[in-house]
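**Q** Mind looking at a prediction? Sequence and model below.
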Amino acid sequence: MAKGNVSLFKIAIEILKYSFKCWPSALVIYLVIGLIFGVMSGANVWVMQYAFDGITELAVGARVMQEAIFPLVIFILFIMVQEMIISMYYYYMYMIGARMHGFMCKQVAEKSARLDPILFEDPAVLDDINKASGATHHAFWAGNTIFVTVIFYLPYILVTSIYLFTLNPLLLLVIVLSSAPKILGLVVRTKLYTDLEEKSAPLRRATKFYEDAIVDRQYFKETRLLGVYGFFKEKYLTSVRLLNRETWKADASAATFDLVTEILTALSYFGILYLLFISLQDGLITVGAFAAVLASVNQLSGNMHSLITFHFAEVAENLGKISYLIKLFDLPEVEGQNVAVDWQGDIEFKDVDFTYPNADKASLCNLSLTIKAGETVAIVGENGAGKSTFTKLLMGLYVPSRGEIFVDGKRISGVAPSQLFAGVSAVFQQYQRYQLKLKENVQISDIDVDEEILPVLEQTGVEWESRSYPDGVETVLSREFDGVDLSGGQWQRISIARGLYRRHDLIVLDEPTAAIDPLEESRLYEKFAEISKDKTAVIVTHRLGSAQIADKIVVLDEGKVSEIGTHSELMASGGHYAKMYESQASWYMS
């Protein structure tokens, strides 16, 4: 994302747009009530003067009791109506604010899902998304500051200004003196907390990782057994200290400027009293007007204090996060033409290069390869050869830096993801362990398929009738939800079943059998080859014995295709593949 903050005007427009999407009827009612509330608050000084003048005239004998009571009754009724409006105003404000948090979380999740996957390989983008996610709770309240300013404070100040101007134009300085110190403090706070957000986002991400390494179930075996708990604890505490130090520095500076603004505010009161006394001595205002203005100054100061210290402080402290939230929504999404992709056809890589963001070296270089329709292809090579990158390009997750990929003779670049991913399935080495029922863990890959899952469980060796699954396919796979825990091998079988359950013409297995022993892996791959007959299948594996089931083996070396052929052909050539195979064979023969 581009650096720099988004303007307050743009934030207001965007938050207004999303607030309207979230709850249109409530927002309209809220804005109308806020406008009425603002006008009534400004008119309050007129009503107070009317009541005070009545009492003053009663005291000097200029009015009888019956005439003086009427202004008081009007004043009391006005206050009662105003209190009703205030109650309705705050009710709708907090109701919309509560609903908006969940709504904005959903928007961030959906937007993130539509971003180009390659963005998630860039740490800077991950930091930006972290900042944006942290703003979902503050989004409405920051936007609400602008709403409140426009629908309440502007009418309130406008009506109050008209009143003061009719008394004495010089009294307009009352508004300036009441607000200037607070505005100065706001400018300083905005700068302080925007800088804080820039510094704290990477620290928050690091702190979260170290915390997970200490307490999360997926780490606890290594952290306890290898004795690295102390290492991560020290990293965590250091990260927390750095985060707290940056936060404390910003808070301390903000508190210092708050003290300065309070002193300036106190001095401004003397200026206001001086203006009122001069106006009263010159006969420009009545005693009732003096009392009304003096009372309204407290109200005005309180309102300006609320606007700047609370409402604008919300913006000042979270403007950085909210800027990233708006910029996240502005990021271009992965779009394309709504055309079908026939994965039953041939797949061709033509002069393809690919380089990860901020990388100095290309992961794939000048790669050309054809995968025939219905062919089972094994991709092998040493670590870092570009195998996983190849599969991500194959499935359309990433776009080549140079070159083109064709499916059935048609370029897939520029095709909408919804069309591109239809008919494609995959099982990755880093598979997910969903804390759901067994059947849900499988069916989640294609919720539109209404087929029995038992055949695919049997094909992948998931023993759903064993003691490991006390409730059969209804067994919850999480001890945290009163279910069961599984071994790594059991989870891998489920992940493979999930990939096979999805309707597909192309399926990619990116080293999904690391936790399964070699004999069981060979049996599983043989079963997989049988299941995938007449469908295009790509297997990425580091165990070359399993690669023999493929119709064709592609050997990658430093991002390039070094060899292609069957197992027998590659062994006969005595090249890189043969050396890797013989090296692995020695592990089992020694």
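**A** Okay, I see it.
**Q** give me the number of residues near the nearest residue in space to L119 that is not next to it in sequence?
**A** Nearest non-adjacent residue to L119, counting by C-beta to C-beta, 6 or more residues apart in numbering: V125, 4.6 Å away. The way it works is simple: take the backbone N, C-alpha and C, and place the C-beta from them, glycine included. By other C-beta atoms under 10 Å, 18 other residues sit near V125.
**Q** ranges for the helices of the stretch 201-350 of the chain?
**A** 217-225, 229-281, 287-305, 313-330 (DSSP state H, counting those that start in this stretch).
**Q** Determine which of those helices shows the lowest mean per-residue pLDDT.
**A** Mean pLDDT is lowest for helix 217-225 out of the helices of the stretch 201-350 of the chain, coming in at a mean of 67.
**Q** roughly how far apart are the residue positioned nearest the centre of the chain and E246?
**A** For the chain, S133 is the residue whose C-alpha lies nearest the centre (C-alpha atoms, centre = their mean; 3.3 Å). Relative to E246, S133 is positioned 19 Å away (C-beta to C-beta, to the nearest Å).
**Q** try M48
**A** For M48, the distance to E246 equals 47 Å [C-beta to C-beta].
**Q** Between those two, which is the more surrounded one?
**A** Neighbour totals were compared for M48 and E246, and M48 leads with 23 against 17 (other C-beta under 10 Å).
**Q** That one: helix or strand, and which one exactly?
**A** Secondary structure assignment for M48, by DSSP states H and E: helix 24-59.
**Q** any idea how far the following helix or strand past that helix is from the chain center?
**A** Going down the chain from helix 24-59, the next helix or strand is helix 65-114, by DSSP H and E. In terms of C-alpha atoms, centre = their mean, to the nearest Å, the centre of helix 65-114 is set 29 Å apart from its chain centre.
**Q** Can you list the helices and strands that helix 65-114 packs against?
**A** In terms of contacts (3 or more C-beta pairs under 8 Å, 6 or more residues apart in numbering; DSSP states H and E), helix 65-114 is packed against helix 8-22, helix 24-59, helix 123-133, helix 139-148, helix 313-330.
**Q** mean confidence score for that helix?
**A** pLDDT averaged over helix 65-114 gives 86.
**Q** Report the angle between it and helix 287-305.
**A** 10 degrees (axes from the mean of the first three to the mean of the last three C-alpha atoms, to 10 degrees).
**Q** rewinding a little: list the buried residues for the helix holding M48?
**A** For helix 24-59, burial by neighbour count (16 or more other C-beta atoms under 10 Å) applies to 26-27, 29-31, 33-34, 36-58.
**Q** Output the contacting helices and strands for it.
**A** So helix 24-59, by 3+ C-beta pairs under 8 Å, 6+ apart, packs with helix 65-114, helix 139-148, helix 154-167, helix 287-305.
**Q** please redo it, this time with the cut-off set to 10 Å
**A** The contact analysis (3 or more C-beta pairs under 10 Å, 6 or more residues apart in numbering; DSSP states H and E) places helix 24-59 against helix 8-22, helix 65-114, helix 139-148, helix 154-167, helix 287-305.
**Q** Relative to S466, which of those is closest?
**A** helix 65-114 (36.0 Å; C-beta to C-beta).
**Q** you'd agree the residue nearest to the centre of the chain is up against K106?
**A** No: the criterion here is C-beta atoms under 10 Å, and S133 misses it with K106 at 11.9 Å.
**Q** Now render the helices and strands packed on helix 65-114 as CSV, adding distance to F277.
**A** Formatted as CSV, the helices and strands packed on helix 65-114 follow (distance: least, C-beta to C-beta, whole Å):
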stretch, distance to F277
helix 8-22, 38
helix 24-59, 17
helix 123-133, 51
helix 139-148, 33
helix 313-330, 34
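**Q** among the ones you listed, which is nearest E198?
**A** Going by C-beta to C-beta, the one of these nearest E198 is helix 313-330, 6.5 Å.
**Q** Verify the stated contact: L364 with T391.
**A** No: the pair L364 / T391 is not scored as a contact, 11.1 Å apart, by C-beta under 10 Å.
**Q** out of these two, which sits in the busier spot?
**A** Each of L364 and T391 has its neighbours counted (other C-beta under 10 Å); L364 has more, 26 against 21.
**Q** mind checking pLDDT for the more buried one?
**A** pLDDT, L364: 93.
**Q** residues in contact with it?
**A** 349, 352-355, 385-387, 389-390, 393, 398, 400-403, 556, 558-561 (C-beta atoms under 10 Å, 6 or more residues apart in numbering).
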